[in-house]
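> Build me a model from this:
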Amino acid sequence: MSQHPDQKLDGQPDPSRRKFLNTAAFAGLAGAGLSVGLSACKQEQAPAPGAEAPGAAPAAHATSAGVHLKPGELDTYYGLWSGGHTGDFRVLGMPSGRELHRVPCFVPDALTGWGLTNESKAIMGTKPDGSLKYTVGDTHHTHASYKDGNYDGRYAWINEKINSRIARIRLDYFICDKIIEIPNVQGFHGIFPDKRDPVDPAINYTTRVFCGAEFQVPLPNNGTDLEDTSKYRALFTCVDAESMEVRWQVLIDGNCDLTATSFDGKLAATNQYNLESGVHYVDMMSAERDACLFFNIARIEQAVKDGKYTTIGDSKVPVVDGTRAANKDPKTALTCTVSVPKNPHGVNATPDTKYFICAGKLSPTATVIEVAKVLDWFDGKLENPDQAIVAEVEIGLGPLHTAFDGRGNAYTTLFLDSQIVKWNIDAAIKFHGGDKAAQYVVDRLDVHYQPGHINASQSETVAADGKWLCVGCKFSKDRFLPVGPLHAETEQLVDISGEKMVHVADHPVRPEPHDFIIFKRELLSPKQVYTLEDFPHAVKLPSESGVFREGKKVTVKLTSQAPAYSLPEFKVKVGDEVTLILTNLDKIEDLTHGFAIPKYNINFIVNPQETASVTFKADKAGVFWCYCTHFCHALHLEMRSRMIVEA
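Just a heads-up that it's a prediction; the model follows:
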């Protein structure tokens, strides 16, 4: 075994490089009395000819200068990122890493008024009293819609783990237009859209989004069977991409971690840890192998059509049985279970459309599963689902997520090694098949520190281009200026255009971001001005402005056009329920207006040709100067309207 790059010659950890040590992680597991299968590589792979030893600093690439764009120069890629605990959706320009926008989704946003306006509250969901149902979020994974195996620029989706919600983002306006809460599940974690229809080849675009539930709970979770853990289950869910309604769910053994889909539309997959169905830490790691579970979409939907389903509690969603006991006959099975080493983390589909790859996490391995062989099992042509495994190779300690360059190489994060390992899939298959001369490890790159999610430009599409890779590192430690106990996390940019990976930039980010995708900018055509007709309550002319009373309910209609509101003042009475409707009549891009009412906790924006409304109780008498909060004109400070609340 060669010396690990974090070890001194005397075998002791070197504190100058990484203060979060692999030994600490091992100690924590050993302290729990676990045999977790974490081991050093039994057969250390020598680097490919010309490759540097692990940890060696690569030579600088000329492309590094292209990361720092000139003034006015535009990025060549969009990056769509999870916002993590901020509950939003980040939009970056790549390769610069510049944050361009945050799309609010699951939590209120003070800048835009998301969660305050009537329109956004209707999307977020409210309690009977009109207040928001949820005000916290935990976004994890984001993916976009496909056509012909590539992104089509229509939608992106992002999940929210705490309250089991999924949001859809319209990529023409970069706004959230739908949020639903998935029934019967907790800890909703991985998502992935389908890439085409499983039956109709004419439907070559996304129509479904698949969602995995991580936590097992009693079903229905209504206060019965609280301690009977044999009744705990998880579900795999299909959401309609257009209607954003739940189509069906599958009852499964164990839980779901992440999700992937085949390019032919026939299979969805989830890697599973805790097949033991343990409810305690130790129990979740007692077995040496877990699984990658495959779903035959056409068969599931036929079963639903044939009425072969049940429902759970008050939910009307069809639930089919995907458990192993009910799916032993391949020719009628809805699911296929392929075993992988214990507690895997991540499943990804290769851009050549041939394979799914599961990373080991508690095993130093990556498992390559051939799509065609899984389909063969469903057709009764394969005796054992594990025969679909075409490679299971050791790549390093703590493998988590995998990206691709379109040239046959995979890039996997090694959490414990604080590295990215570049490995060749075909060589790994040859090595697994008995060719021990096959050198599948191509390169290793130290990152800072403890990497999790990873993705590359166009990575999980047929158009993977192998130019840029980004990795999210969970601990920044010494990478940035200290700002107290809560450190920034690190997003690092890597040039993968050559044989060697080259680390070219670091970016700090608020904790805790998760997944992301990177794609060419020409795949999107964002609109920069809204269409007035899209808003049924739009105030289309200043002359339509006014105060309209029906008893204690008052509607105030006004427009904004820099640098003035159409109503210089308006009057209401204490006790009135006021609905204020504001339309921005400016048609010039980048001319957004705000509207704030002091002492009433109201502030929201309207972009060009957009309409938004708020409803509030006029409970304080006096004069309140409503003003524009978004700079719009040289006379921006003078842009006001006086709200007079009469006692």
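> quick one: contacts of the host helix or strand of W81?
Using DSSP states H and E, W81 sits in strand 77-82. For strand 77-82, contacts defined as Cβ atoms under 8 Å, 6 or more residues apart in numbering pick out 89-95, 97, 139-142, 144, 156, 158, 169, 457, 468, 470, 513-521, 523-524. In this view, the C-beta of every residue, glycine as well, is placed from N, C-alpha and C.
> Please list only the buried members of those residues.
Listed as buried from these are 89-95, 97, 139-142, 144, 156, 158, 169, 457, 468, 470, 513-520, 523-524; burial here means 16 or more other Cβ atoms under 10 Å.
> In helices, which of those residues fall?
Using DSSP state H, no member of those falls in helices.
> Am I right that L69 is in contact with G97?
No. Using Cβ atoms under 8 Å, L69 is not in contact with G97; the gap is 10.2 Å.
> what's near enough to touch A456?
A456 neighbours (Cβ under 8 Å, 6+ apart): 403-405, 411, 464, 466-470, 496, 518.
> Quick check: of these, which lies closest to L219?
Nearest to L219 among the contacts of A456 is A403, at 35.3 Å by Cβ to Cβ.
> Is the closest one in a helix, a strand, or coil?
strand (DSSP: H, G, I helix; E, B strand; the rest coil).
> Bridged to K571, which residues?
For K571, the beta-bridge partners are I644 (DSSP bridges).
> For G434, see how far away it is.
Distance, K571 to G434, using Cβ to Cβ, to the nearest Å: 86 Å.
> and those two? which has more neighbours close in?
A side-by-side neighbour count of K571 and G434, using other Cβ atoms under 10 Å, places K571 first with 13 against 7.
> hang on, isn't the more buried one packed against E646?
Yes. K571 is within contact range of E646, at 6.2 Å (criterion: Cβ under 8 Å).
> residue contacts, G594?
So G594 contacts 603-606, 627-630 (Cβ under 8 Å, 6+ apart).
> Select from those residues the one having the most neighbours.
So for those (other Cβ under 10 Å), the most neighbours sit at F604, 28 neighbours.
> mind checking pLDDT for that one?
pLDDT, F604: 98.
> Which element is encountered next along the chain beyond the helix or strand hosting it?
Assigned by DSSP H and E, F604 belongs to strand 602-606. Next helix or strand after strand 602-606 toward the C-terminus (DSSP H and E): strand 611-617.
> tell me what that next one is packed against?
Where contact means 3 or more Cβ pairs under 8 Å, 6 or more residues apart in numbering; DSSP states H and E, strand 611-617 is packed against helix 118-124, strand 577-584, strand 602-606.
> Could you tell me which strands sit next to that strand in the sheet, and their orientation?
Applying DSSP bridges, you get strand 577-584 (antiparallel) as the partners of strand 611-617.
> can you dump the C-alpha coordinates of the helix or strand following the strand it pairs with into PDB?
On the C-terminal side of strand 577-584, the nearest following helix or strand under DSSP H and E is strand 593-597. The C-alpha trace of strand 593-597 is given here as PDB (Å, rounded to 0.1, in the frame of the first residue of the first chain):
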ATOM      1  CA  HIS A 593     -39.900  48.700  -9.100                       C
ATOM      2  CA  GLY A 594     -40.500  48.000  -5.400                       C
ATOM      3  CA  PHE A 595     -43.300  48.900  -3.100                       C
ATOM      4  CA  ALA A 596     -42.800  49.200   0.600                       C
ATOM      5  CA  ILE A 597     -45.200  50.300   3.300                       C
END
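> Thanks again, I'm all set now.
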